[in-house]
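Participant: got a predicted structure here, sequence first:
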Amino acid sequence: MKFTVIGYWGGYPKANEASSGYLLEHNGFHLLIDCGSGVLSKMQSFFQPEDLNGVILSHYHPDHTADIGVLQHARLIQGFLGKEMDCLPIYGHSQDEAEFAKLSYKNITKGIAYEPDQALTIGPFTVQFLLTDHPVPCYAMRIEAEGKSIVYTADTSYKEELVSFSSGADLLVCECNFYGNQNGKNAGHMTSVDAGTLASKANVRQLLLTHLPHFGQIEQLKEEAATKYSRLISLASYQWSVTL
Ligand SMILES: [Zn+2]
Ligand SMILES: [Zn+2]
């Protein structure tokens, strides 16, 4: 599996960058995980929207979904221009009916509700879900293919269930919206120390800090996480990638 960061800012994108969006590829199947503001623009520097095979959304906050509409337009227009494409499945939870309804557009994209208590197969990937602690329904995902595993926390404050959910993952993509001296609980986000604690308790092979804050020195997040977790820690950046 190849995992590539497209956008990694929490809440909104920094200038010329993007909020949450990650591309996962295996055996020629391309899955976009979240589709935040700026993702469609940043993705096109290395991957075209008409080549996507699926999209999966953790929740319906705009920093994770803002570019769904323009992704639909891109596929519509490329279709007019002669590009052959299948209807694109967009997987999301159906606990917000109005938001879920927006995932289907003409014969361009089709919203498919995932059942959070059931494993979902998308191409070569198996996806399991865990409800997070966040102001709106949001799901962490454990994505596996050929014995390798990636856990994406999506947006959440620290919760103990994340430990067993993330156990032994080859890569933990952990949100880190606050610094170690802050408390993310009320906002529904984790701190650097929470991220390090989760990575350590779950004994993951490596940690990627993402959904980064718009204040402070972000390198400090890595140092703070390292007080709890001694293996490889990276800060998300545009086109950061790993092949597992
Ligand atoms: Zn977010
Ligand atoms: Zn959110």
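Facilitator: That came through fine. Ligands and ions are numbered 1, 2, ... in the order given.

Participant: show me which residues of this protein sit near ligand 1.
Facilitator: Asp63, Asp155 (C-beta under 5 Å from the ion). Every residue, glycine included, has its C-beta placed from N, CA and C.

Participant: 6 Å - rerun?
Facilitator: Within reach of ligand 1 by C-beta under 6 Å from the ion, the chain has these residues: Gly10, Ser20, His61, Asp63, His64, Asp155, His211.

Participant: buried among those? Make that a PyMOL selection.
Facilitator: In PyMOL syntax, the buried subset of the residues of the chain next to ligand 1 is picked out as below (16 or more other C-beta atoms under 10 Å):
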select buried, resi 10+20+61+63+64+155+211
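
Participant: now, the residues of the chain next to ligand 1 that are in helices?
Facilitator: With helices taken from DSSP state H, the overlap with those comprises Asp63, His64.

Participant: dump the residues of the chain next to ligand 1 to JSON lines, plus pLDDT.
Facilitator: Shown next, in JSON lines, are the residues of the chain next to ligand 1 (pLDDT from 0 to 100):
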{"residue": "Gly10", "pLDDT": "98"}
{"residue": "Ser20", "pLDDT": "98"}
{"residue": "His61", "pLDDT": "98"}
{"residue": "Asp63", "pLDDT": "98"}
{"residue": "His64", "pLDDT": "98"}
{"residue": "Asp155", "pLDDT": "98"}
{"residue": "His211", "pLDDT": "98"}
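
Participant: so which of the residues of the chain next to ligand 1 reach ligand 2?
Facilitator: Filtering the residues of the chain next to ligand 1 for neighbours of ligand 2 using C-beta under 6 Å from the ion leaves His61, Asp155.

Participant: which among the residues of the chain next to ligand 1 gets closest to His26?
Facilitator: Ser20 (20.3 Å; C-beta to C-beta).

Participant: tell me the SS of Ser58?
Facilitator: Assigned with DSSP: H, G, I helix; E, B strand; the rest coil, Ser58 falls in the coil class.

Participant: wait, isn't it in contact with Val151?
Facilitator: No - contact criterion C-beta atoms under 8 Å: Ser58 and Val151 do not qualify, at 11.9 Å.

Participant: spell out which residues are contacts of both of the two.
Facilitator: Ala140, Met141 (C-beta atoms under 8 Å, 6 or more residues apart in numbering).

Participant: helices of the chain, start to end?
Facilitator: Counting by DSSP H, the helices of the chain are 39-43, 62-65, 68-80, 97-101, 161-166, 192-201, 219-225.

Participant: and the shortest one, how far out from the chain middle?
Facilitator: If I follow you right, that is helix 62-65. Computed by C-alpha atoms, centre = their mean, to the nearest Å, the separation of helix 62-65 from the middle of its chain amounts to 10 Å.

Participant: please apply the same query to the last one.
Facilitator: Distance, stretch centre to chain centre, for helix 219-225: 21 Å (C-alpha atoms, centre = their mean).

Participant: now do the buried residues in that helix.
Facilitator: Neighbour counts over helix 219-225 (16+ other C-beta under 10 Å) mark Leu221, Lys222, Glu224, Ala225 as buried.

Participant: pull the residues that contact it.
Facilitator: Residues from elsewhere that reach helix 219-225, judged by C-beta under 8 Å, 6+ apart: 176, 179-180, 191-193, 195-196, 199, 207, 209, 212-213, 233-235.

Participant: let me see the mean pLDDT of it.
Facilitator: Here helix 219-225 scores 98 as its mean pLDDT.

Participant: now it - C-alpha only, PDB.
Facilitator: The C-alpha coordinates for helix 219-225 follow below in PDB (Å, rounded to 0.1, in the frame of the first residue of the first chain):
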ATOM      1  CA  GLU A 219       8.100  20.800  15.000                       C
ATOM      2  CA  GLN A 220       7.400  21.100  18.700                       C
ATOM      3  CA  LEU A 221       4.500  18.600  18.200                       C
ATOM      4  CA  LYS A 222       7.000  15.900  17.200                       C
ATOM      5  CA  GLU A 223       9.300  16.600  20.100                       C
ATOM      6  CA  GLU A 224       6.300  16.400  22.500                       C
ATOM      7  CA  ALA A 225       5.000  13.100  21.000                       C
END
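
Participant: that'll do, ta.
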